Structure formats: structure tokens, C-alpha cells
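K.L.:
heads up, no residue letters with this:
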């Protein structure tokens, strides 16, 4: 199963939560919570995936295997403002799923971000930035 994980990059729980919200016609997550999760996935993808392909000689991805990674994600979840509680619930459920080994990976970051979801989040951020930039010009 881990070979399937590495070859096809099964979706992370954040991506799954966003897909469930999409199927539910955006009734589960408010737009601001969706944006927060997408921004977070984009930032994590920009940090971790260049390291994974060897562009940077620091391997922060290994941090996902340490016992400190859940504490770091819990701190990020606690830093989410109270009015974005649904995004915080997604982070909490990700930690719970990691604790019960819901996915075949032993790395916490595989539960949080995946290549396809990360690329979508980066593309979404770029498109949103361009839309906002062109809206100011016109």
C-alpha cells in the first residue's frame, strides 16, 4: 500500500475535506475557512515539495516523522482564530486521523497536503491574486 501512496499520492485529508465541501456545494465550510485551508496547503506545498525534489538541501519533510510534528500542527490549529472554527476542526480531524493511522503513511505531512491538492492550492492562489490585481486596475 505504501508503494501506491508514493506513486499516486493519495489525497490528503485536507484535500478530501475540500472535495467533500465541493460536493456539498460549499455548505460545510464557509468561504473564508476554505481560503484559509487553501492558503495553508499552498504555503506547505511551496515549502516541502521543492525540498522533496532536491532543489533545497534541507529536508523538512523528515520533520513529519518526528513526535514533534503533531504538536506543531496542533499549535497551528490553536492559532486559527475562533471565528474560523471549521478550518480548525479540519486540522483537529487531521491530527485524530494521524493518531489512529487512517492513511498508510507514517508522515503527518501526508495527512495535511498532497501534490495534487498542493498544486491546485498554488494555482488557486495565483488565480485569486491575478483576479484581485486586475480588479484594482479596472
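P.N.:
Yep, it's here. Since the model is a prediction, treat every value here as computed from it, not as a measurement.
K.L.:
how many other residues sit next to residue 96?
P.N.:
Residues near residue 96, counting by other Cβ atoms under 10 Å, number 12. For glycine as for every other residue, the C-beta is placed from the backbone atoms N, C-alpha and C.
K.L.:
what about it, distance to residue 134?
P.N.:
41 Å (Cβ to Cβ, to the nearest Å).
K.L.:
and the residue nearest to residue 74 when sequence neighbours are not counted, what is it in contact with?
P.N.:
Distances taken as Cβ to Cβ, 6 or more residues apart in numbering put residue 95 closest to residue 74, at 6.2 Å, once the chain neighbours are dropped. The contact partners of residue 95, by Cβ atoms under 8 Å, 6 or more residues apart in numbering, come to 70, 73, 74, 77.
K.L.:
list the buried ones in the strand or helix carrying residue 22?
P.N.:
Assigned by DSSP states H and E, residue 22 belongs to helix 13-23. Going by neighbour count (16 or more other Cβ atoms under 10 Å), the buried part of helix 13-23 is 13, 14, 15, 16, 17, 18, 21.
K.L.:
what does the next helix or strand along the chain from that helix rub up against?
P.N.:
Using DSSP H and E, the helix or strand that follows helix 13-23 in sequence is helix 31-52. Residues from elsewhere that reach helix 31-52, judged by Cβ under 8 Å, 6+ apart: 12, 14-15, 17-18, 21, 26, 29, 56, 58-61, 76, 80, 84, 86-87, 90, 109, 112-113, 115, 117-119, 121-122, 124-125.
K.L.:
if we use 7 Å, what do you get?
P.N.:
14, 18, 21, 56, 58-61, 84, 86-87, 90, 109, 112-113, 115, 117-118, 121-122, 124-125 (Cβ atoms under 7 Å, 6 or more residues apart in numbering).
K.L.:
alright, I will stop here.
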